[in-house]
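Colleague: Here's a sequence, model it:
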Amino acid sequence: MAWQLSWIGQDQSTRNAGQPSEVYVNIGQRHQGVKLEAGPDVIYLDHNSTTPVLPEVEEAMRPFAAEIFGNPASAHAMGRKARQALESAREQVADLLQAHADEVVFTSGATEANNLAIFGLAGPAPGRILAAPIEHPSVVEPIRQLEVRGWSVSWGAVDGDGVFVPHQLEPTADLRLACLQLANHETGAIQPVRALAERLAGRVPLHCDAAQAAGKMPVRFHDLGVATLAISAHKFYGPKGIGALVVRRGVRLAPQLFGGHQQRGRRPGTEPVGLAVGLAKALALASAHLDARQQRLTLLRQRFLRVLRIQAAPVVLNGPETGGLLHTLNLSFPGCRADVLLMNLDLAGIACSTGSACSSGSLLPSPVLQAMGVGPDRLHSAMRFSLGFQQTEAEIEEAARRIAAVVRRLRQVPVQDEP
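Modeller: So this is what the prediction gives:
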């Protein structure tokens with residue numbers, strides 16, 4: 001059973017005490033009531049934001065909560081047992097990413113990993129950074145901090161599908177750092193990371209945010225030619241609070257935290273063994289079942305688009321029609337406003353977003369779509385839907401029908417019958 005919100009528009013001072021089904025939220029200077037009512041079952045279409053933890057992953061982590069709970073830095077038997085599990089997880093992650101175990105640094109997630117890479121590689125100003133304008137906020141904001149500290153930033157160009165154009169790059173002597181994600185978090189467009197690395201020819205360290213790619217496409221660290229690469233477990237059905245930064249041997253990375261010797265001093269602090277085990281298990285499952293999941297998502301994507309293109313036309317796909325992440329669809333519904341559409345879809349039991357969860361509180365247009373040159377009507381009506389391999393065709397078709405019904409109501413357009 002899901003819950004939907006109905007505004008009841010009364011001041012907090014006049015609310016009827018003793019009605020536990022009503023809660024009150026402060027919006028600016030006004031207090032409005034929100035009444036929780038039983039609504040349609042929620043269909044979750046926000047897997048780029050986060051994913052549910054798989055039962056196998058949860059089971060793998062369970063012993064490390066109350067049984068094998070020792071500090072992996074401790075010299076006694078319980079500590080050694082925890083250390084063994086931690087290093088086994090590190091080796092497994094390295095193997096799955098085609099890296100070396102001593103290159104894997106566990107972090108709290110991709111945001112920390114991206115910050116560690118960017119600040120750790122950059123060093124003192126001055127210098128120039130090359131980055132794509134479609135990067136995730138956890139890459140963009142650290143770069144902007146470096147800009148404040150005296151760095152200059154060159155934001156590269158992307159094409160109409162949201163793919164970075166590396167051939168426009170002309171490496172210069174002042175270029176000291178480059179960043180390019182592996183797959184875009186809003187459109188699913190896969191980026192030419194290896195091509196950029198080849199153009200840089202090892203003269204400039206290249207950081208790659210692979211948070212949306214890991215577990216959804218093959219990721220081969222050494223083949224990419226990057227200096228560092230970030231992943232996050234909760235993007236591929238693992239636990240929240242754990243990620244990794246892979247650092248190529250020989251790359252100098254300045255630590256950003258101090259107070260411990262763990263992980264060769266690159267990221268001090270007691271390692272969360274259970275979470276690391278969960279990350280490794282989730283990545284192993286994703287790798288083992290990658291082909292089957294992709295086949296499943298191909299079918300779900302086709303069903304989803306088919307219903308929407310019939311019942312909610314016009315629908316515009318922002319991003320590549322083929323060749324991108326199969327589960328990610330950024331769709332514009334001209335004639336609708338994204339913020340209004342998001343609220344109404346939530347009430348209809350559809351969990352989706354207008355972009356990155358890290359910037360979902362913003363009402364500003366998507367920087368990713370702006371960089372792609374999307375026109376105003378598409379820009380202001382764009383929604384991101386990200387599907388899960390566990391979902392059924394019936395569930396996805398029902399989601400599409402609910403979305404289409406909301407879109408038609410907002411446009412006040414009658415239904416189109418399926419042929």
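Colleague: Isn't Cys179 up against Ile129?
Modeller: Yes. With contacts counted by CB atoms under 8 Å, Cys179 reaches Ile129, the gap being 7.1 Å. For glycine as for every other residue, the C-beta is placed from the backbone atoms N, C-alpha and C.
Colleague: Residues contacting stretch 57-70, please?
Modeller: With CB atoms under 8 Å, 6 or more residues apart in numbering as the test, stretch 57-70 has contacts from 76-82, 85, 237-239, 273-275, 277-278, 281-282, 285.
Colleague: can you do 7 Å?
Modeller: Stretch 57-70 is contacted from outside by 78-79, 81-82, 85, 237-239, 273-274, 277-278, 281-282, using CB atoms under 7 Å, 6 or more residues apart in numbering.
Colleague: any weak-confidence spans in the stretch 301-419 of the chain?
Modeller: Segments of the stretch 301-419 of the chain classed as low confidence (criterion: pLDDT under 70) are 355-363, 413-419.
Colleague: sorry, that was for the chain
Modeller: 1-39, 168, 355-363, 413-419.
Colleague: 50 instead, please
Modeller: Using pLDDT under 50 as the threshold, the predicted model of the chain has low-confidence ranges 1-37, 357, 359-360.
Colleague: got the CA coordinates for stretch 300-311 in PDB?
Modeller: As requested, the backbone C-alpha atoms of stretch 300-311 are provided in PDB (Å, rounded to 0.1, in the frame of the first residue of the first chain):
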ATOM      1  CA  LEU A 300      11.300  -3.300 -20.400                       C
ATOM      2  CA  ARG A 301      12.600  -0.200 -22.200                       C
ATOM      3  CA  GLN A 302      10.800  -1.100 -25.400                       C
ATOM      4  CA  ARG A 303       7.500  -1.700 -23.600                       C
ATOM      5  CA  PHE A 304       7.800   1.500 -21.600                       C
ATOM      6  CA  LEU A 305       8.500   3.700 -24.700                       C
ATOM      7  CA  ARG A 306       5.900   2.000 -26.800                       C
ATOM      8  CA  VAL A 307       3.000   2.800 -24.400                       C
ATOM      9  CA  LEU A 308       4.200   6.300 -23.800                       C
ATOM     10  CA  ARG A 309       4.700   7.100 -27.500                       C
ATOM     11  CA  ILE A 310       1.100   5.900 -28.200                       C
ATOM     12  CA  GLN A 311      -0.700   7.300 -25.200                       C
END
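Colleague: Buried residues, that stretch. List them.
Modeller: For stretch 300-311, burial by neighbour count (16 or more other CB atoms under 10 Å) applies to 300-301, 303-305, 307-311.
Colleague: Among those residues, which one lies nearest to Leu146?
Modeller: Using CB to CB, Arg301 comes nearest to Leu146 of the buried residues of stretch 300-311, at 37.6 Å.
Colleague: Can you name the residues that contact the closest one?
Modeller: For Arg301, the contacting residues are 326, 329, 387, taking CB under 7 Å, 6+ apart as the criterion.
Colleague: any idea how far Arg296 is from the last one?
Modeller: Yep, that's Leu387 we're talking about. When distances are taken as CB to CB, to the nearest Å, Leu387 and Arg296 turn out to be 9 Å apart.
Colleague: Which residue of the two possesses the greater neighbour count?
Modeller: Regarding Leu387 and Arg296, a neighbour count based on other CB atoms under 10 Å identifies Leu387 as having more, with 24 against 20.
Colleague: so that one makes contact with Thr298?
Modeller: No. With contact taken as CB atoms under 7 Å, Leu387 and Thr298 are classed as non-touching, separated by 10.3 Å.
Colleague: Ala173: which of the buried residues of stretch 300-311 is nearest?
Modeller: Comparing every one of those with Ala173 (CB to CB), the shortest separation belongs to Arg301, at 45.1 Å.
Colleague: so which strand or helix has that closest one?
Modeller: Using DSSP states H and E, Arg301 sits within helix 290-311.
Colleague: Who are the packing partners of the helix or strand following that helix?
Modeller: Next along the chain after helix 290-311, taking DSSP H and E as the criterion, comes strand 316-317. Here strand 316-317 touches strand 328-332, going by 3 or more CB pairs under 7 Å, 6 or more residues apart in numbering; DSSP states H and E.
Colleague: try it again with 10 Å
Modeller: Strand 316-317 sits against helix 290-311, strand 328-332, helix 376-379, with contacts defined as 3 or more CB pairs under 10 Å, 6 or more residues apart in numbering; DSSP states H and E.
Colleague: starting at the chain centroid, how far to it?
Modeller: Centroid displacement of strand 316-317 relative to its chain, using CA atoms, centre = their mean, to the nearest Å, is 21 Å.
Colleague: Give me the contact list for that strand.
Modeller: Residues from elsewhere that reach strand 316-317 (CB atoms under 10 Å, 6 or more residues apart in numbering): 161, 187, 305, 308-309, 324, 329-334, 374-375, 377-378, 381-382.
Colleague: how does it look with 8 Å?
Modeller: Judged by CB under 8 Å, 6+ apart, the contacts made with strand 316-317 from elsewhere in the structure are 305, 329-334, 378.
Colleague: Cys179 and Ile129 - which one has more neighbours?
Modeller: When neighbours are counted by other CB under 10 Å, Cys179 comes out ahead of the other of Cys179 and Ile129, with 28 against 24.
Colleague: So what would you say the end-to-end distance of stretch 229-245 is?
Modeller: For stretch 229-245, the separation between the terminal residues is 6 Å (CA to CA, to the nearest Å).
Colleague: That stretch: how far from the chain's middle?
Modeller: Here stretch 229-245 shows a centroid-to-chain-centroid distance of 10 Å under the convention CA atoms, centre = their mean.
Colleague: Could you pull out the buried residues of that stretch?
Modeller: For stretch 229-245, a neighbour-count test (16+ other CB under 10 Å) marks 229-240, 242-245 as buried.
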